[in-house]
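K.L.:
need a structure here:
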Amino acid sequence: MKERSIIFCSEMVRRTLKGQKFQTRRIVRPQPPKRWEGAKPHRFSLTTDDEGIELYVTSLSAGNGDWHAKCPYGNVEGKIWVREAFTYTQDKKTIIYRADVKEDSYKWTSPLFMRRENSRLILFISHLRVEPIQDINQTDVFKEGIRNYDMKPEESAQQAFARLWDTLNAKRGFSWESNPYVWVIDFTVV
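P.N.:
Predicted structure coming up:
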């Protein structure tokens, strides 16, 4: 199967390496059409191409016309390699990962420029589904890597996740409040 890539911020890399994170959520693009006030949520169907490599989501309740989106991460049993911020030692022989460094005195290269051979994390996709971001339950919040120490006093696990979500996605137009549809990817580290 074809390997795809995914970007993780340094904190999520650390949590994955510690065995604390084994699920991630990513924006479905394009988003399904908005439902009218009082309408039931979209009902989705997941299908694959003839080879079983590409995964598609289709709304069975999109209203006028058909809506579907292709999963950019592949399909169940596929592999994803993680891109993360990095730099090299002065002699350019050793890679340094931002997730491993406590003090931030290096000039980091964006994860977008990481080559496959420099990735140290390969994820095996064990399950995929589509849901609105606000449908996350407490079990999935912990699969996402959120722990009790991430929560402020009087804050639920979902509220702590919503705060994290907004720091990563609100500026891109996909705030918690807007409740976008997301790919939910369960994975194990290979």
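K.L.:
low-confidence stretches in this protein?
P.N.:
The model of the chain has pLDDT under 70 over residues 1, 62-65.
K.L.:
list the buried residues in the biggest helix by length in it.
P.N.:
Of all the segments assigned as helix in the chain under DSSP state H, the longest by residue count is helix 157-169. Within helix 157-169, the residues that qualify as buried by neighbour count (16 or more other Cβ atoms under 10 Å) are 157, 158, 160, 161, 162, 164, 165, 169. (Glycine included, C-beta is placed from N, CA and C.)
K.L.:
packing partners of it?
P.N.:
Packing contacts for helix 157-169, counted by 3 or more Cβ pairs under 8 Å, 6 or more residues apart in numbering; DSSP states H and E, involve helix 138-143.
K.L.:
could you pull out the strands for the chain?
P.N.:
In the chain, the strands defined using DSSP state E lie at 4-7, 23-27, 44-48, 55-59, 68-70, 79-83, 86-88, 95-97, 122-132, 181-189.
K.L.:
mean neighbour count and distance to residue 153 for the ones you listed - can I get that in a markdown table?
P.N.:
Formatted as a markdown table, the strands of the chain follow (neighbours: other Cβ atoms under 10 Å; distance: least, Cβ to Cβ, whole Å):
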| stretch | mean neighbour count | distance to residue 153 |
| --- | --- | --- |
| strand 4-7 | 16 | 32 |
| strand 23-27 | 18 | 25 |
| strand 44-48 | 14 | 37 |
| strand 55-59 | 19 | 38 |
| strand 68-70 | 16 | 39 |
| strand 79-83 | 20 | 33 |
| strand 86-88 | 17 | 36 |
| strand 95-97 | 17 | 33 |
| strand 122-132 | 17 | 27 |
| strand 181-189 | 20 | 28 |
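K.L.:
those: which one's closest to residue 106?
P.N.:
strand 86-88 (4.8 Å; Cβ to Cβ).
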